[in-house]
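Student: my questions concern the predicted model and sequence given below.
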Amino acid sequence: MTTYRLSPRFFSRYRQRMSLLMGSAIFGVLVYSFADRINRYPPVVIISSIIFMVLIAGISLPLILRGEFKKHQRIWSSYELTLSEDSIARTQDGYERVQISRSEITRIIEVTDYGLTIVGTNNAQIFVPRLVENYVLLRNLLAEWRSIEVQALWRNLTLCFTIAFLPWGLIYGIARIFQNKFLTAGSLTIYLAYIVYSMSTLVRSGDVNREEKQNILRALGGFSALIISVIVLLIIR
């Protein structure tokens, strides 16, 4: 019986990705906020406002993310995999213990640079992050149990970027061409409905494990709140 835990790099990479994500979101808000004001105000005012907002974001961002980082580390520091000759089990604080025997495994899916998802009967799932200690050894042992289906990460990233940024570009183009806040708000509403439908379909599909479902729902809630706030601001201003 062998036990596997997460390496310290798992937590540092999460911090880097969250900081990059929030920084990108703030940058997008800045561009959207000042793009249609360039011709209305002197360059000095625009530049000063951008610098001020960046400074505020730089001060507040670590405070906002601090709680999220602590919560993430508290949950995942207890993550533990136990591999025996005929089964694999995962224990983690806040979640039920999941054990899948070798004979019950129906699929093993690997997303490049992301990790493995072991699927058993009755939709039991165990997620194995890429940054688990001795990941390559563990993967080779599991490959002896069942062939591993490999999915390229770049395809998922390309789909995510297409879904996220292409509609934003179209909506911004509509806003610039027609200068109609209600048309823009309506386009944003349709875009939000499309995102909610797409993510809901993904969650119900069974291709993601419980942890991924919770992460998707949290991200969807925050994204929905952001879009709704933009729609309200468009209508009332």
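Tutor: Happy to help now that I have it. Here the structure is a predicted model, which means the values were calculated and not measured. Numbers count the residues shown, from 1 in each chain.
Student: Thr3 - how many residues pack around it?
Tutor: The local packing count at Thr3 equals 11, with neighbours defined by other CB atoms under 10 Å. C-betas here are computed from N, CA, C, even on glycine.
Student: now name the helix or strand holding it.
Tutor: strand 2-5 (DSSP states H and E).
Student: cool, and Glu149?
Tutor: Since the elements are taken from DSSP H and E, Glu149 ends up inside strand 148-151.
Student: within its sheet, name the partner strands of that strand and how each one runs.
Tutor: Each strand paired with strand 148-151, and its direction, by DSSP bridges: strand 105-111 (parallel).
Student: name the residues of the strand it pairs with that are buried.
Tutor: Within strand 105-111, the residues scored as buried using 16 or more other CB atoms under 10 Å are 105, 108-111.
Student: confidence-wise, which of these comes last?
Tutor: Of all those, the model is least confident about Val111, whose pLDDT is 80.
Student: surely that one and Gln151 touch.
Tutor: Yes: counting by CB atoms under 8 Å, Gln151 is a contact partner of Val111 at 5.0 Å.
Student: between the buried residues of strand 105-111, which is closest to Leu142?
Tutor: Each of the buried residues of strand 105-111 was checked against Leu142 using CB to CB; the closest is Ile108, at 5.9 Å.
Student: now do the contacts for the closest one.
Tutor: Applying CB atoms under 8 Å, 6 or more residues apart in numbering to Ile108 gives the contacts 116-119, 142-143, 145-149.
Student: CA atoms only: put the strand holding Glu149 into PDB for me.
Tutor: Presented in PDB, the C-alpha positions along strand 148-151 are these (Å, rounded to 0.1, in the frame of the first residue of the first chain):
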ATOM      1  CA  ILE A 148      -5.500   6.000 -20.200                       C
ATOM      2  CA  GLU A 149      -7.400   8.400 -22.500                       C
ATOM      3  CA  VAL A 150      -5.200  11.400 -23.200                       C
ATOM      4  CA  GLN A 151      -6.800  14.800 -23.900                       C
END
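Student: pop the domain breakdown of the chain in here.
Tutor: For the chain, automatic domain parsing gives the domain ranges 98-152, 153-237.
Student: mean pLDDT lowest for which of those domains?
Tutor: Looking at those, the lowest mean pLDDT belongs to domain 153-237 (a mean of 63).
Student: picking up where we left off before, redo the buried residues of strand 105-111 as TSV? Include distance to Arg9.
Tutor: As requested, these are arranged in TSV below (distance: CB to CB, whole Å):
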residue	distance to Arg9
Ile105	27
Ile108	23
Ile109	22
Glu110	18
Val111	17
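Student: and the pLDDT at the residue nearest to Met1 when sequence neighbours are not counted?
Tutor: Of all residues not flanking Met1 in the chain, Ser84 sits nearest, at 4.7 Å (CB to CB, 6 or more residues apart in numbering). What the model reports for Ser84 is a pLDDT of 88.
Student: circling back to that earlier point, buried residues in the strand holding Thr3?
Tutor: Tyr4.
Student: from the contact counts, what lies against it?
Tutor: The helices and strands touching strand 2-5, judged by 3 or more CB pairs under 8 Å, 6 or more residues apart in numbering; DSSP states H and E, are strand 80-83.
Student: please name every helix or strand in contact with the strand it packs on.
Tutor: Using 3+ CB pairs under 8 Å, 6+ apart as the contact definition, the elements that strand 80-83 packs against are strand 2-5, strand 87-91, helix 135-145.
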